[in-house]
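Enquirer: Okay, structure incoming, though there's no sequence with it:
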């Protein structure tokens, strides 16, 4: 088969040119050549060797390179694919080496075939699980293993997010990779607060899950002095402790030296609304994270006493609200801060993404100064 030999840096340009001119051969791929060039496969309609269209690039003859499948359905039975195309999964989620997919009841009898095709297409995946919905008090996913590369069905895995690692387990703990940008936003706001206070921060994260927000904060040199983190789910707390121990042990200063030990460094399995009853936790933190989206706003009166008084502090949280009630929910946040003796320097309340036709997933961020006498009374 004829191929066009071009410098590697020009590959994309020539691919687009050959595709637009309908010179590109189908069902075969680009081949790497010695010396750094790439060979683009041509069909019979492409101009001959020496044609001005090639701008001096040579044509060579190579065996056709089989084009690798680009989608898991290419490993699926063609007749079944044609018959069930509309019901097969259109998307899936990966956490580390675990893939989680929802399978319609109409094609459940093909679940293992679907999983095998996905496993064939995705060499980095170890385990394919069907998502059967959420269950239990902590609303974690009911996962059914469908196919395993090595025979293991362990759902605990490790992910990498924004340069740091976290242990997660979708069958025991809620975790959303889609909120990665929110963690980045928390980091940027925390850096601004540190600059304002001219010292490292103490963070309170009472709904920490496995600790993705703390991961972002602890990965920044000299940003965090200490933390109080927790969750009501014992399985989450176990993973949270492991993740924070790992992250804390890898901290560096701005000069690259090992960072001092975090103090405080407390992980708790406790009802966050009761943290205020612990004198050690009241007036303890500079940054408060509130990530219990269905109840975040209602829990604020219980959580604001965790913030330090007599200084600028930062509240950052997330809430699922009715679109029609956005102004009401914002007023609730303002009222909770004022009733806690707070002065609001600024309050942002913005949609992160749509949650449903009638609800929104919102992020709220308030810069506040709480008066010591109001919280102590």
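Expert: In hand now; what should we look at? In this text the structure is predicted, and so the values were computed from the model without any measurement. Numbering: from 1, shown residues only.
Enquirer: Next, count neighbours for residue 123.
Expert: 8 (other Cβ atoms under 10 Å). For glycine as for every other residue, the C-beta is placed from the backbone atoms N, C-alpha and C.
Enquirer: what ranges do the helices span in the chain?
Expert: Counting by DSSP state H, the chain has helices at residues 11-20, 78-84, 111-121, 180-197, 212-218, 234-249, 296-303, 326-339, 372-376.
Enquirer: which one of those lies closest to residue 167?
Expert: helix 234-249 (4.9 Å; Cβ to Cβ).
Enquirer: Enumerate the positions of that closest one that are buried.
Expert: 235-241, 243-244, 246-248 (16 or more other Cβ atoms under 10 Å).
Enquirer: again, but for stretch 261-268
Expert: 262, 266-268.
Enquirer: from the residues you listed, which is closest to residue 116?
Expert: residue 267 (40.0 Å).
Enquirer: From what I see, the closest one and residue 238 are in contact.
Expert: No: counting by Cβ atoms under 8 Å, residue 267 stays clear of residue 238, with 9.5 Å between them.
Enquirer: Leaving out the residues flanking it, which one is nearest to residue 31?
Expert: Residue nearest to residue 31 in three dimensions, not counting chain neighbours: residue 39, with 4.2 Å by Cβ to Cβ, 6 or more residues apart in numbering.
Enquirer: show me the residues around the one you found that make contact.
Expert: Contact analysis of residue 39 by Cβ atoms under 8 Å, 6 or more residues apart in numbering lists 3-5, 30-33, 60, 62.
Enquirer: Find the nearest non-adjacent residue to residue 282, please.
Expert: According to Cβ to Cβ, 6+ apart, the nearest residue to residue 282 is residue 305 (5.1 Å).
Enquirer: how close does that neighbour sit to residue 366?
Expert: 15 Å (Cβ to Cβ, to the nearest Å).
Enquirer: One more: residue 145?
Expert: Taken as Cβ to Cβ, the span from residue 145 to residue 366 is 43 Å.
Enquirer: Compare the two and say which is more crowded by neighbours.
Expert: The neighbour comparison of residue 145 against residue 366 (other Cβ under 10 Å) goes to residue 366, with 23 against 16.
Enquirer: which residues touch the more buried one?
Expert: 314-316, 333, 337, 344, 346-348.
Enquirer: can you check residue 305 too?
Expert: Per Cβ under 8 Å, 6+ apart, neighbours of residue 305: 276, 282-283, 340, 375.
Enquirer: mind checking how far it is from residue 358?
Expert: Distance from residue 305 to residue 358, counting by Cβ to Cβ: 33 Å.
Enquirer: Next: residue 48.
Expert: Residue 48 is 63 Å from residue 358, by Cβ to Cβ.
Enquirer: With residue 189 instead?
Expert: Taking Cβ to Cβ, one finds residue 189 at 29 Å from residue 358.
Enquirer: When those two are compared, which one has more neighbours?
Expert: residue 189 (16 against 10).
Enquirer: end to end, how far does stretch 69-76 reach?
Expert: One end of stretch 69-76 to the other measures 11 Å (Cα to Cα, to the nearest Å).
Enquirer: list the buried ones in that stretch?
Expert: Under the neighbour-count rule (16+ other Cβ under 10 Å), stretch 69-76 has 72-73, 75-76 buried.
Enquirer: Among those residues, which one lies nearest to residue 115?
Expert: Of the buried residues of stretch 69-76, the one sitting nearest to residue 115 (Cβ to Cβ) turns out to be residue 72, at 9.4 Å.
Enquirer: which residue sits closest to that closest one, ignoring its sequence neighbours?
Expert: residue 121 is the one closest to residue 72 (Cβ to Cβ, 6+ apart), at 4.0 Å.
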